[in-house]
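> what follows is a predicted structure for the sequence shown.
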Amino acid sequence: MFIKSIKFKNVKVLKNTVLPLGRFTLLIGPNGSGKTTAMRSLAAFRRGKWPWSGGFSVGLEGNPHEWEASMVLKWSSEPNEEWLDNITSSINRRRRLEHSRGTGGINPGHNESLNFWLQEIRFYSFDAVQIAMQSKLQAKVEMAESGTKLAVVLDRLRDDNPERFKSVNEAIKNWLPEFDSILFDVPTEGDRSISLRTRKGGHKISAGDLSQGTLIALALLTLAYLPEPPTLVLLEEPDRGLHPRLMHDVKDALYRLAFPEESGEDREPVQVVVTTHSPYFLDLFRDNPEQIVIAEKKGNEATFTRLVDRDDLDGLLDGESSLGDLWYSGVLGGVPTEK
């Protein structure tokens with residue numbers, strides 16, 4: 001099951017636009033162009049609650065008590081198939097979540113499946129300080145939006161899925177060659193924190209002394225190797241704080257979620273939506289323009305356009321310039337407007 005698109009009406013800068021989505025979508029655009037608004041709005045479907053307080057588009061006319069903001073999702077059983085029974089899911093400003101099929105209702109089986117799928121949506125905006133924090137040990141735990149509780153998630157992964165924990169350790173050696181293993185500390189009874197051991201000398205470096213990029217890399221790898229990942233991962237700037245040479249590794253980790261068959265994983269794909277401001281990261285998707293969506297902002301209104309829908313795409317890709325250079329220069333759009 002996948003979301004094919006989400007239509008926004010009067011949601012902050014998303015006054016009247018459609019965000020097209022695939023199994024993997026990379027969102028690029030200037031600050032304030034609706035990327036985070038779109039992702040946080042999508043995450044709101046998890047609880048069926050409107051995420052914004054007073055978040056109407058500016059410039060609406062008429063009686064404010066009659067203003068209406070809405071989001072409508074369209075679904076498909078596979079990314080390349082037609083709509084699945086023309087099902088739509090919407091949240092209006094009255095905080096009501098509704099599913100419908102065509103002009104009639106939706107059968108209870110579909111309703112139950114959709115609700116389960118929506119409840120497993122997760123939004124992440126990793127923060128190194130939060131990732132480094134110690135956490136209370138508990139039987140069932142998941143990583144929070146900022147990366148909090150990572151230490152306990154890894155602790156459970158080590159005990160419950162040792163092969164996956166081993167894979168995270170092996171990946172760390174490739175991403176961060178100066179380290180060779182993840183270690184655990186018990187700062188107080190019932191708490192866990194993490195450290196990394198240096199390859200040379202075997203020194204233990206506590207999470208609080210690790211760099212921002214190292215901690216975010218560890219959170220990304222953990223997410224990629226979860227035994228039961230979310231149905232939809234919304235990830236804000238996963239490349240933040242990482243060296244450009246790690247961009248390819250970040251892409252591989254995200255593709256592991258979205259395209260499990262390519263990594264030998266026997267599970268349902270995770271739909272992944274990612275934002276970036278890195279031209280280096282964008283360069284890696286030159287061969288997959290269908291995965292790139294450009295956010296544009298004109299005045300107080302933003303729109304989304306798939307790169308693959310551009311009439312001049314072939315000419316752009318035939319040139320010697322990288323996608324990052326084309327974006328930086330303004331040729332692709334999705335850049336701040338001139339003052």
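Nice, thanks for sending it over. From a predicted model like this one, the values you see are computed outputs, not experimental measurements.
> in three-state terms, label Gly32 for me.
coil (DSSP: H, G, I helix; E, B strand; the rest coil).
> hmm, it is touching Lys298, no?
No. With contacts counted by Cβ atoms under 8 Å, Gly32 stays clear of Lys298, the gap being 11.6 Å. Backbone N, C-alpha and C define where each C-beta goes, glycine included.
> okay, the two: which has more neighbours?
Gly32 (15 against 10; other Cβ atoms under 10 Å).
> quick one, what contacts the more buried one?
Val13, Lys297, Ala302 (Cβ atoms under 8 Å, 6 or more residues apart in numbering).
> quick one: secondary structure of the residue lying closest to the first one once chain neighbours are set aside?
Translated: Val13. Using Cβ to Cβ, 6 or more residues apart in numbering and skipping the chain neighbours, the partner closest in space to Val13 is Ala302 (4.2 Å). Secondary structure for Ala302, judged by three-state DSSP, is strand.
> state the number of residues packed around His203.
11.
> and it, how far is that from Ser322?
Distance, His203 to Ser322, using Cβ to Cβ, to the nearest Å: 39 Å.
> one step back: what about the residue nearest to Val13, how many residues nearby?
Ala302 has 26 nearby residues by other Cβ under 10 Å.
> you'd agree it is up against Val18?
No. Between Ala302 and Val18 there is no contact under Cβ under 8 Å: 11.7 Å.
> tell me where this protein is predicted with low confidence.
The model of the chain has pLDDT under 70 over residues 50-54, 65-66, 77-111, 338-339.
> pull the longest strand from it.
If you go by DSSP state E, the chain has its longest strand at strand 2-11.
> which other helices and strands contact it?
strand 14-20, helix 35-43, strand 70-76 (3 or more Cβ pairs under 8 Å, 6 or more residues apart in numbering; DSSP states H and E).
> looking at those, which is buried most?
helix 35-43 (a mean of 22; mean count of other Cβ atoms under 10 Å).
> just checking: what are the partner strands of the helix or strand hosting Val273?
Secondary-structure assignment from DSSP states H and E places Val273 in strand 271-275. With DSSP bridges as the test, strand 271-275 is paired with strand 24-28 (parallel), strand 232-236 (parallel).
> mind putting those strands in CSV, distance to Leu326 included?
Below are these laid out as CSV (distance: least, Cβ to Cβ, whole Å):
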stretch, distance to Leu326
strand 24-28, 11
strand 232-236, 23
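> kindly reformat the ones you listed as JSON lines containing mean neighbour count and distance to Ser5.
Listed next are the strands paired with strand 271-275 as JSON lines, based on neighbours: other Cβ atoms under 10 Å; distance: least, Cβ to Cβ, whole Å:
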{"stretch": "strand 24-28", "mean neighbour count": "24", "distance to Ser5": "11"}
{"stretch": "strand 232-236", "mean neighbour count": "23", "distance to Ser5": "14"}
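> quick one: which of the ones you listed is nearest Leu282?
Closest approach to Leu282 among these is made by strand 24-28 (6.1 Å; Cβ to Cβ).
> by how many degrees do that closest one and strand 2-11 diverge?
30 degrees (axes from the mean of the first three to the mean of the last three Cα atoms, to 10 degrees).
> give me the residues contacting strand 24-28.
By Cβ under 8 Å, 6+ apart, strand 24-28 touches 35, 38-39, 254-255, 258-259, 271-277, 281-282, 285, 288, 291-295, 304, 327, 332, 334.
> buried ones in stretch 201-211, by neighbour count?
By neighbour count with 16 or more other Cβ atoms under 10 Å, stretch 201-211 contains the buried residues Ile205, Ala207, Leu210.
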